[in-house]
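[1] Build me a model from this:
(chains A and B)
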Amino acid sequence: MEQGGGGRPLVEVRNLSVGFSASMGFFKKRTVSAIDDLSLAAWEGESLGVVGESGSGKTTLARVLVKLLRPHSGEVLFKGEDVLTQTRKEERVYRRKVQMVFQDPYESLNPRSTVWDAVEEPLLIHHVAGDRHSRGEMVERLVAMVGLDPGAVKHKYPHQLSGGERQRVSIARALAVSPDLLIADEPVSMLDVSMRIGILDLMLELKRKLGLTLIFITHDLGVARYFCDRIAVMYQGKLMEVARTEELLERPLHPYTKLLLDSVPVPGGAGPAPPEAVDADPRPAPAGCKFSPRCPYARDRCRGSAPDLTEVSRSRYAACYYPLTS
Amino acid sequence: MPLLELKNLSVAYRLQKGYLMAVDQVSMEVNEGEVLGIAGESGCGKSTVALSVLRILPKSARVTGAVAFGGEDVLTMGDERVRAYRWKHVALVPQGSMNAFDPVISVGAQIVEAIRLHESAGKEEAWRRARELFGLVGIPKERVTNYPHELSGGMKQRAAIAMALSLSPKLVILDEPTTALDVVVQKQILSLLARLQRELGVSFMFITHDLSVLAEVATRVAVMYAGKLVEVGPADVMFRSPSHPYTQALMRAIPNVHGDISQVKSILGTPPDLTSLPKGCRFSPRCPHSFGRCTVEEPRLLPSTTGSMAACHLVGG
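    This next block holds a predicted model:
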């Protein structure tokens, strides 16, 4: 389960499966699997990128980790301890230690709360700072820490702030309770291009300063490259490949990783879209590899059974029978 | 003669007090068979340019300057003429249009409706064309009778493009056509657009906040900032050696998957409030090269040494 990481795992999921029930017509129901037998760990102090397209299950994974969603089966471990069987008291501590920054800063802040109130709220809920005075000092410090001027913004409402400033406020809220793990779900995709790097730089700086572990969910491989030590690629609820960032981008082993990479626009005119087998029926054979209907290299074996994530070469993991080797 | 020509176009929206200049003295053109990309952040005026070209601005907007299509003045067209001009000459693929199909009418029927509203085509003829259009944009023809929910996101975006092409316009304006799509589908749509431009000779005006998307399809690129056109030039020039500090900063702000990543840098500050613009160059408060003149005098668009036109005191004379 090392998967190219090192040290101690801070949070780990083992054989995680999550399903949603979908209605198929009036009476029929079936379970749609959002995450299928996923095992992945985030190592202490690293920033782990979870990359995938819509429907890959990356946001579902985040929701399981912050306990907004209960998995069907599998384990979630935090510092080696089971998260799913926590007592209420343990859960309270866990919810402090694991914080989340959401995609849309226009939606995730209460429009009626000033910046001050928004940052103070988690301190009150978790009884972090006792009296008013020390709470006030903490709010000021947090607001300054995310690169905002406390004097200028503390009495402002979200609509008076830019998208980048709002996302900074969300980060200050998350940090208020001194978490160990910060999960960021597409934190810059709603922002204008000129604001993005500023937010990423801020999070990297905070990670260094506070020794945070980061799980960064994104569809953008360029952003993942800038931000992450390791990247896990998901497709339809399955982990396809996980490796150190530079290795994954320079030498993708899984055909899906390669398809993603080849799809990133590069200057020099639109080449043809990267090769992709397009079957009439995009639904994968129930037992086979989920990517096989689109995979240009798929053979019979791929349709018959799904490959497990295995170590293909030293610290390189891919779930593919025929990984792309040189 | 360019296909579409904007001359000193200004658009102001009325607010409770005063006006907001969304587009300020913008001149640009789209030539036949080219893909002009317009890039900029939210509030830069790129969508307002599209709305002016199609004459679908709100009534309260104050428009000055000129928009000419094939030499004909668009801004003074009568209602009857505008109806013929839209769709037949210039069509729009609005932002989010892939999700704007009527869910209870088949996609083909909606295209047929568009065709028959504008032309005296018979039902059968219109359906034949709808099927042909599906084939043209790469959706199996038999799916023309599918309802929107039966198509994938990429197919719906293709269908929206097919609908825009249904009356064979000379110019198609695409507003953020790939923004909601996954990278793989985005790439497919971009190569579709490149193919359509090659095969049909249709011109595109491609509006996006994401410069990197334009790298693939645009033949020329225009960059807007706070209502102003700051730089325009051939795509290869713009991507290889941009002249305006804002274009340069935008390029550096995008982390790529290949190449040097140590140069990636954020742009400090935020775009200005359009109701209280800074004096002189609008980018000057965020510009690393700003000097005395930049905060007093607004730069004009002048030829740069690399072959683009840029509005910057460091570039021009």
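[2] which stretches of chain A have low pLDDT?
    A:1-2, A:4-5, A:267-272, A:277-285, A:326 (pLDDT under 70).
[3] Chain B too?
    B:316-317.
[4] where along it do the helices fall?
    When secondary structure is read from DSSP state H, chain B shows helices at B:46-53, B:79-88, B:107-118, B:123-136, B:153-164, B:183-200, B:211-217, B:235-240, B:245-252.
[5] From the centroid of chain B, which residue is nearest?
    B:Ile207 (2.6 Å; Cα atoms, centre = their mean).
[6] got the residues of the stretch 201-317 of chain B near chain A?
    Within the stretch 201-317 of chain B, the positions lying close to chain A (Cβ under 8 Å from any Cβ of the partner chain) are B:209-213, B:215-217, B:235-236, B:239-240, B:249-250, B:253-258, B:261, B:264-268, B:270-271. From N, CA and C alone the C-beta is placed, and that goes for glycine too.
[7] Could you rerun that using 7 Å?
    B:209-210, B:212-213, B:215-217, B:239, B:250, B:253-257, B:261, B:264-267, B:270 (Cβ under 7 Å from any Cβ of the partner chain).
[8] from these, which would you call buried?
    Buried members of those, counted by 16 or more other Cβ atoms under 10 Å in any protein chain shown: B:209-210, B:212-213, B:215-217, B:239, B:250, B:253-257, B:264, B:266-267, B:270.
[9] how about whatever residue of the stretch 1-150 of chain A ends up closest to chain B, secondary structure?
    The nearest approach of the stretch 1-150 of chain A to chain B comes at A:Glu53, 3.9 Å away (Cβ to the nearest Cβ). Three-state call for A:Glu53 (DSSP: H, G, I helix; E, B strand; the rest coil): coil.
[10] How about the residues of the stretch 51-200 of chain A by chain B?
    Counting by Cβ under 7 Å from any Cβ, the stretch 51-200 of chain A comes close to chain B at A:Glu53, A:Ser54, A:Ser162, A:Gly164, A:Asp192, A:Val193, A:Ser194, A:Arg196, A:Ile197, A:Gly198.
[11] so the fourth one sits in a helix?
    The reference is to A:Gly164. Yes: assessed with three-state DSSP, A:Gly164 lies in a helix.
[12] Wait, it touches A:Met195, no?
    Yes: if you go by Cβ atoms under 7 Å, A:Gly164 and A:Met195 touch, sitting 3.6 Å apart.
[13] contacting residues for the residue of the stretch 1-150 of chain A closest to chain B?
    If you count contacts by Cβ atoms under 7 Å, 6 or more residues apart in numbering or on different chains, A:Glu53 has them with A:His219, B:Asp182, B:Val184.
[14] Could I get the phi/psi values of it?
    phi -80, psi 180 (degrees, to the nearest 10).
[15] same deal with A:Asp117?
    Main-chain torsions, A:Asp117, degrees, to the nearest 10: phi -60, psi -40.
[16] Neighbours of it, how many?
    Counted by other Cβ atoms under 10 Å in any protein chain shown, the residues lying close to A:Asp117 total 15.
[17] Can you tell me the closest non-neighbouring residue to it?
    A:Asn110 (8.0 Å; Cβ to Cβ, 6 or more residues apart in numbering or on different chains).
[18] Going by secondary structure, the one you found is in what exactly?
    Following DSSP states H and E, one finds A:Asn110 outside all helices and strands.
[19] Tell me how far it lies from B:Leu277.
    Noted for A:Asn110: a distance of 31 Å to B:Leu277, by Cβ to Cβ, to the nearest Å.
[20] So which of the two has more stuff around it?
    B:Leu277 (15 against 11).
[21] Could you pull up the contacting residues of the more buried one?
    Taking Cβ under 7 Å, 6+ apart as the test, what B:Leu277 contacts is B:Ala226.
[22] how much space between it and B:Arg143?
    Distance, B:Leu277 to B:Arg143, using Cβ to Cβ: 49 Å.
[23] List the beta-bridge partners for the nearest residue to B:Val232 once chain neighbours are set aside.
    Sequence neighbours aside, B:Ala222 is the residue nearest to B:Val232 in space, at 4.1 Å (criterion: Cβ to Cβ, 6+ apart). Beta-bridge partners for B:Ala222, by DSSP bridges, are B:Ile38, B:Val232.
[24] tell me, how many neighbours does B:Ala222 end up with?
    27.
[25] Report the separation between it and chain A.
    16 Å (Cβ to the nearest Cβ, to the nearest Å).
[26] That residue contacts B:Gly40, doesn't it?
    No: in this structure, B:Ala222 is not within contact of B:Gly40 by Cβ under 7 Å, at 8.5 Å.
[27] re the thing from before, quick one: which of the helices of chain B is nearest A:Arg314?
    Nearest to A:Arg314 among these is helix B:183-200 (28.7 Å), distances taken as Cβ to Cβ.
[28] so what does that closest one touch, helix or strand wise?
    On a contact count with 3 or more Cβ pairs under 7 Å, 6 or more residues apart in numbering or on different chains; DSSP states H and E, helix B:183-200 meets helix A:255-263, helix B:153-164, helix B:211-217.
[29] Contact partners for B:Leu92?
    In this structure, B:Leu92 makes contact with B:Ala50, B:Leu54, B:Ala164, B:Ile173, judged by Cβ under 7 Å, 6+ apart.
[30] bridging residues for it?
    B:Ile173.
[31] same for the longest helix anywhere in chain A, what does it pack against?
    Ranked by residue count and defined by DSSP H, the top helix of chain A is helix A:193-210. If you count contacts as 3+ Cβ pairs under 7 Å, 6+ apart, helix A:193-210 packs onto helix A:163-175, helix A:221-227.
[32] Pull out the CA atoms of the helix or strand following it and give them to me as CSV.
    The helix or strand immediately downstream of helix A:193-210 is strand A:213-218, counting by DSSP H and E. The C-alpha trace of strand A:213-218 is given here as CSV (Å, rounded to 0.1, in the frame of the first residue of the first chain):
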residue,chain,number,x,y,z
THR,A,213,-1.2,17.1,4.8
LEU,A,214,-3.2,18.0,1.7
ILE,A,215,-5.5,16.1,-0.5
PHE,A,216,-6.2,18.0,-3.6
ILE,A,217,-9.0,17.1,-5.9
THR,A,218,-8.8,18.4,-9.4
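[33] Other residues contacting strand A:213-218?
    The list of residues contacting strand A:213-218 from outside it, by Cβ under 7 Å, 6+ apart, reads A:10, A:42, A:44-51, A:58-59, A:62, A:180-186, A:203, A:207, A:224, A:227-228.
[34] Restricted to strands, list those.
    Among the contacts of strand A:213-218, the ones falling in strands (DSSP state E) are A:Leu10, A:Ala42, A:Ser47, A:Leu48, A:Gly49, A:Val50, A:Val51, A:Leu181, A:Leu182, A:Ile183, A:Ala184, A:Asp185.
[35] Go through the residues you listed and name the one nearest A:Leu261.
    In terms of Cβ to Cβ, no member of the ones in strands among the contacts of strand A:213-218 lies closer to A:Leu261 than A:Val51, at 10.4 Å.
[36] Residues in a beta bridge with that closest one, which ones?
    A:Thr218, A:Val233.
[37] Enumerate every residue touching it.
    Residues near A:Val51 by Cβ under 7 Å, 6+ apart: A:Thr218, A:His219, A:Leu221, A:Ala224, A:Ile231, A:Val233.
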